[in-house]
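A.B. asks: need a structure here:
(2 chains)
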There are 2 protein chains.
Amino acid sequence: MSKTPLKIAIAGLGTVGGGTVELLHDQAETLAARAGRPLTLVGAAALIKPDTAALAGVPFFTDARAMAKECDYDVLVELIGGASGIALEVVRTALERGRSVVTANKAMIAHHGIELARLAEKTGANIGFEASVGGGIPIIKSLREGLSGNHVTKVMGILNGTCNYILTTMRDQGRDFADVLAEAQKLGYAEADPTFDIDGIDTAHKLAILASLAFAMPINLDGVACEGIRHVSALDIGYADELGYRIKLLGVAAVTEAGIEARVYPAMVPLSFPLAHVSGPFNAIVTEGDFVGRTVLEGRGAGARPTASAVVADLMDLACGRVMPAFGVAVDTLEVRPAAPAGAHRSAYYIRLMVKDEPGVFADIAAALRDEKVSMEQIIQRGRAPNQTVPVVMTVHETDEASMLRAVDRLNALASIAEQPRLIRIENL
Amino acid sequence: MSKTPLKIAIAGLGTVGGGTVELLHDQAETLAARAGRPLTLVGAAALIKPDTAALAGVPFFTDARAMAKECDYDVLVELIGGASGIALEVVRTALERGRSVVTANKAMIAHHGIELARLAEKTGANIGFEASVGGGIPIIKSLREGLSGNHVTKVMGILNGTCNYILTTMRDQGRDFADVLAEAQKLGYAEADPTFDIDGIDTAHKLAILASLAFAMPINLDGVACEGIRHVSALDIGYADELGYRIKLLGVAAVTEAGIEARVYPAMVPLSFPLAHVSGPFNAIVTEGDFVGRTVLEGRGAGARPTASAVVADLMDLACGRVMPAFGVAVDTLEVRPAAPAGAHRSAYYIRLMVKDEPGVFADIAAALRDEKVSMEQIIQRGRAPNQTVPVVMTVHETDEASMLRAVDRLNALASIAEQPRLIRIENL
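C.D. replies: As a prediction, the model looks like this:
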């Protein structure tokens, strides 16, 4: 062990920062043996210095920007969070100094990853962001290295543990969305402002990163169509069960003839598909490659210790000199690929209508679908309740999204339809 | 692209060799862009030269040993197979010449991996064996790099696609073992001599490799207790369904207080556990690390194209200079770890007895269990059929293996027990 240490400065000592410091301290001997050199903390920055033995003797900064500028580190670990602001500032500073960066910050990578990778190339630094997608799951390494012999045609997954926890709990306990969300917030599983999670924005960030790696194209966050889980009701989850599906919030990116499709949406996933069984806070990512076929990687998608595992994996790569361009190839060789036009996406659908049970209503519904050439597969209505509002659930065969939306408009215009029809895509995999 | 090519010689052009040649040919441009240098075939060896455009202009050898000795390559890809013989000979030759090796040969790595890794260290060569476990699943890279911040405490999986195909088909079609095996042989999914697969030897090879990587210890194939699937009957699979389990052939290695446990056996896997849903030719590996928690990697466990994907992943690592010791650390720092003593393993069990339905038989069965302090959980017997032989199925709470085996001896000695009791472990995960 004569080699020089890898000098690490860590910015942000919250949940993930705390876990990372703990890991570096607890496993110091093992990491040094595996890397052939010690991984040494030479700086830590946060607003308040935590009282932990793991930081004893480590120079402490209350200003991460000062640490980024002045401290002599090989790698800056950015765990402050946020798409820009101080996080982006310290990362730029490190890269401009030719020092490498490891980050768990999916928002920053989704918004600024390409610019940062270009800066790193210019100064000879490296940037690792394994922890930005899928918590402890080594998905970035797998896409970039393990599957590097493949043309990846599809990458999809359950990428947000908060949504998966909410959907799993709704199903297990038969409770409704608002109720479970409130509980998740009380337990600390969901943020006070849950928008990023439940509206699918966090999933969109992660999907944009995965799609860039999978398809060797620049990150295109604007190209991700995004729909969250606010409208998923206990009623729909019950019908999903009955029809042999689980409702999951998916991020799906695929190479299609019409172009690149990248979407976040709640979907009915058949029980025969591995993602149907990924529950609670777990994440999972399915990749399809032309040689490897389908692979599935599952693990804890968040939390101090799993995310620290991913941060340290990147540090170990740097310590061992296993480095490569952030997106697999030089930024300027990433190829802009056209997005598939809106409405072209084809899918089967689940539709739930709240219907005033009046004579002739079924004929009107059937006509609305027929007029848009949407082909009904099955229909569920429990008994009759004349002049009352009852749920009517249908599944339809694969159709293009534009036709489906027009059919929904027609349905919504019917006098007997009491509220906005609910539409959920069915993944037939 | 001014860099020198990675010169590749490939020994063995069977299923995996053919797939690898195809991949290197079809994706040549992509691989070169990703590696920053071309991957070039400079030699191929097999008994008969295949007629494929992918080998046009590539020097051909009918003697792999001559190619290993004479050809000027950077890396020899060994896809001949077999624990020793020509495969081992050409690998040794390459390493002695200071040239690297990539192989899919689990038998050779399980038997000679440590010796070969030591030889590679001596001559400054590298050895990659991603393709030896789990087909296209990047499990070796994940264990060695992606989870390198963790102490791994358990690694287990479905590691043999032939057995998983047989067990899945037996369940789906309600057919018996011999029948499905014969069909699998006809279809080419099972070898003419299926011993390696169905007796668990192939799984043991793979488990020994995984355990070495996971626990940083030398490969210990002799330490793997091995039981195959010959005795799994359609009857047992039916009862498993009824009890909420799937029967899977597992390889399981764990760090326990009593030492390292490494075992291959058919097990009842609860439906709530991801491995229960891995079907047909798919493999999956579960890893438990102290920081990352549980991760699951699933994919195609065999076949030309998935295995070629793994072979090429190793080649890409070599082309990019991403190299490290074969087992994560230098061979001499791997630590021999004591095996847990036989009989100490604790598990819940399923027991199927074929019982002559006579007065007093249940009292005898209950006494046999009680005398070995084995605690019954549930019992299934369909109706009564006086003086006929009927199946009686029990599950028992967790007990140590030695007690369970003594109880089975007692049961087997009863006059009313018509055939050897069938014992299947229950994984309570």
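A.B. asks: so which bits of stretch A:247-263 are buried?
C.D. replies: Burial within stretch A:247-263, assessed by neighbour count using 16 or more other C-beta atoms under 10 Å in any protein chain shown, is assigned to A:247-255, A:260-263. Quick note: C-beta positions are derived from backbone N, CA and C, even for glycine.
A.B. asks: quick one: average pLDDT of stretch A:34-46?
C.D. replies: Rounded to a whole number, the mean pLDDT of stretch A:34-46 is 97.
A.B. asks: centre of the chain to that stretch, how far?
C.D. replies: From the chain centre to the centre of stretch A:34-46 is a distance of 29 Å (C-alpha atoms, centre = their mean, to the nearest Å).
A.B. asks: same deal with stretch A:73-89?
C.D. replies: Between the mean C-alpha point of stretch A:73-89 and the mean C-alpha point of its chain there is a distance of 20 Å (C-alpha atoms, centre = their mean).
A.B. asks: send the alpha carbons of it over as PDB?
C.D. replies: What follows is stretch A:73-89 as a C-alpha-only set of coordinates in PDB (Å, rounded to 0.1, in the frame of the first residue of the first chain):
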ATOM      1  CA  TYR A  73      -8.700  17.100  -3.600                       C
ATOM      2  CA  ASP A  74      -8.600  14.600  -6.400                       C
ATOM      3  CA  VAL A  75     -12.400  14.300  -6.500                       C
ATOM      4  CA  LEU A  76     -15.300  16.400  -5.300                       C
ATOM      5  CA  VAL A  77     -18.400  14.400  -4.200                       C
ATOM      6  CA  GLU A  78     -21.400  16.600  -4.700                       C
ATOM      7  CA  LEU A  79     -24.400  15.600  -2.500                       C
ATOM      8  CA  ILE A  80     -26.000  19.000  -2.100                       C
ATOM      9  CA  GLY A  81     -28.800  18.400  -4.700                       C
ATOM     10  CA  GLY A  82     -30.800  20.700  -6.900                       C
ATOM     11  CA  ALA A  83     -30.500  21.200 -10.600                       C
ATOM     12  CA  SER A  84     -28.400  24.300 -10.300                       C
ATOM     13  CA  GLY A  85     -27.400  26.700  -7.500                       C
ATOM     14  CA  ILE A  86     -24.500  25.800  -5.300                       C
ATOM     15  CA  ALA A  87     -24.400  22.200  -6.500                       C
ATOM     16  CA  LEU A  88     -23.700  23.200 -10.000                       C
ATOM     17  CA  GLU A  89     -21.300  25.900  -9.000                       C
END
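A.B. asks: and that stretch, anywhere near chain B?
C.D. replies: No: shown here: stretch A:73-89 not in contact with chain B (C-beta under 8 Å from any C-beta of the partner chain), separated by at least 12.6 Å.
A.B. asks: would you verify that A:I137 is located in a helix?
C.D. replies: No: counting by DSSP: H, G, I helix; E, B strand; the rest coil, A:I137 is located in no helix; its state is coil.
A.B. asks: and the buried residues of stretch A:247-263, which is closest to A:L39?
C.D. replies: Top of the list for closeness to A:L39, among the buried residues of stretch A:247-263 and by C-beta to C-beta, is A:G251 at 32.3 Å.
A.B. asks: give me the buried positions along the strand or helix carrying A:K122.
C.D. replies: In this assignment (DSSP states H and E), A:K122 forms part of helix A:106-123. The neighbour-count criterion (16+ other C-beta under 10 Å) identifies A:106-114, A:116-117, A:119-121 as the buried residues of helix A:106-123.
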